[in-house]
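Novice: With the input below, show me the fold.
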Amino acid sequence: MFNFPKKHLTPHQMKITDYFNRHPEKALLQTEVEIAANLNMSNATVSRFFKMLGYRNYKAFKQAHMHKLSSSPQNKLQQAKETTATGPMRFQKLLDFLYKTETGLVPTYLNRFVHLITQAHTVHVFSFGVTKGLGELLFYRLRRLGISVKLHTEGGSELIETLLHLKPSDTVIFFSFTRLISEHHALLHVTKKQRISTIALTDQETLISQYPFLLVFLTDRGKPNEYHSMIGPTYLVERLVESLIKETEAETQAEALVRMRSELSTWLPR
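Specialist: Here you go, the predicted model:
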């Protein structure tokens, strides 16, 4: 795809070419810093590689190759249209997303998730952009279980005041797909510095090695150039909530809700 030279490459250079050939869409969407972190090498090494290829810097290389990306929204939707023509195949693919998400759940991680949520002073859910719906679902489920929870969807400079008020006794949950955005980097900087328990719901396996302090739950949404389904992430949210039900006063909360609905039905009918 990129027509990299095959001879006279250093081991690091060969590692970079292999990464781009194996994950072209993902690599072109990442920054030079992210590529260096994924490959466990210095930024300077990555930068020198693209200069060796004749480009002024990595940004120039990206600009020259961005047209090769097939992961634009328009292309993804077109692929989704084409796939719906073969219903059984599409259904099987969605089942694969669910299967990979389920088999990736580790019992000890689920137990740790329950502990971090139930022992937290406040659970803060951060969901930006396309993940806002998932954040609202998780917020709704946790609140129904009687857990003190706050939902944050604001980005940019508005996020700073929220981060300022996070406490070590809190637990943070965030969603991130494809890559970390600026808001995620800011959030992780604060939670690491303040030693705040942090949980990531993501499709990025590299976060496990990049941020050892994270409790990472992986889900599958499909390949970078495909229409990304939210079935896997939604299932993951429901499974995590399910693990909480046995360890909370869910039944007591449900009974109290029924009683209050009856009591207030005159003013607040369903």
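Novice: Give the rounded mean pLDDT of stretch 18-25.
Specialist: For stretch 18-25, the mean pLDDT works out to 83.
Novice: Repeat that for stretch 185-196.
Specialist: Rounded mean pLDDT across stretch 185-196 is 96.
Novice: got a list of contacts for it?
Specialist: 126, 159-160, 163, 166-168, 170-172, 174, 180, 197-198, 211, 213-214 (CB atoms under 8 Å, 6 or more residues apart in numbering). Yep, even glycine has a C-beta here, placed from its N, CA and C like the rest.
Novice: If we use 7 Å, what do you get?
Specialist: Phe126, Leu159, Leu163, Leu166, Pro168, Asp170, Val172, Phe174, Thr198, Tyr211, Phe213 (CB atoms under 7 Å, 6 or more residues apart in numbering).
Novice: In strands only, show me those residues.
Specialist: In strands, defined here by DSSP state E, the members of the contacts of stretch 185-196 are Phe126, Val172, Phe174, Thr198.
Novice: I'd like those residues laid out as TSV, including distance to Ala186 and neighbour count.
Specialist: TSV is the format used below for the ones in strands among the contacts of stretch 185-196 (distance: CB to CB, whole Å; neighbours: other CB atoms under 10 Å):
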residue	distance to Ala186	neighbour count
Phe126	10	25
Val172	12	25
Phe174	11	24
Thr198	13	25
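Novice: and Thr162, what does it touch?
Specialist: His152, Glu154.
Novice: roughly how far apart are the closest residue to Phe177 other than its chain neighbours and Thr118?
Specialist: Among residues not flanking Phe177 along the chain, Asp203 sits closest, at 5.2 Å (CB to CB, 6 or more residues apart in numbering). According to CB to CB, to the nearest Å, Asp203 and Thr118 sit 26 Å apart.
Novice: Who has more neighbours out of these two?
Specialist: Each of Asp203 and Thr118 has its neighbours counted (other CB atoms under 10 Å); Asp203 has more, 22 against 14.
Novice: Strands of the stretch 1-150 of the chain, residue ranges please.
Specialist: When secondary structure is read from DSSP state E, counting those that start in this stretch, the stretch 1-150 of the chain shows strands at 123-126, 149-152.
Novice: Which among those strands is found nearest to Glu102?
Specialist: Set against Glu102 and scored by CB to CB, those come closest in strand 123-126, at 22.0 Å.
Novice: What strand or helix carries Ala200?
Specialist: strand 197-202 (DSSP states H and E).
Novice: Can you pull out the residues in contact with that strand?
Specialist: By CB under 7 Å, 6+ apart, strand 197-202 touches 113, 116, 171-177, 191, 207, 213-219, 233, 236.
Novice: Give me the buried entries from the residues you listed.
Specialist: Neighbour-count burial (16 or more other CB atoms under 10 Å) applied to the contacts of strand 197-202 gives 113, 116, 171-177, 191, 207, 214-219, 233, 236.
Novice: Low-confidence stretches in the stretch 151-270 of the chain?
Specialist: Confidence mapping of the stretch 151-270 of the chain against pLDDT under 70 gives the ranges 224-227, 247-260, 270.
Novice: All the helices of it, in order from the start?
Specialist: Listed in chain order, the helices of the stretch 151-270 of the chain (DSSP state H, counting those that start in this stretch) span 158-164, 182-194, 206-210, 231-245, 250-263.
Novice: a markdown table for the ones you listed, including distance to Leu95?
Specialist: Shown next, in a markdown table, are those (distance: least, CB to CB, whole Å):
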| stretch | distance to Leu95 |
| --- | --- |
| helix 158-164 | 37 |
| helix 182-194 | 30 |
| helix 206-210 | 25 |
| helix 231-245 | 9 |
| helix 250-263 | 28 |
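Novice: Check those for me and report the most buried one.
Specialist: Highest mean neighbour count among the helices of the stretch 151-270 of the chain (mean count of other CB atoms under 10 Å): helix 231-245, with a mean of 19.
Novice: picking that back up, and Phe50, which of the helices of the stretch 151-270 of the chain is closest to it?
Specialist: Closest among those, using CB to CB: helix 206-210, at 20.4 Å.
Novice: quick one: contacts of that closest one?
Specialist: Here helix 206-210 makes contact (CB under 7 Å, 6+ apart) with Ala37, Asn38, Ala200, Leu214, Val216.
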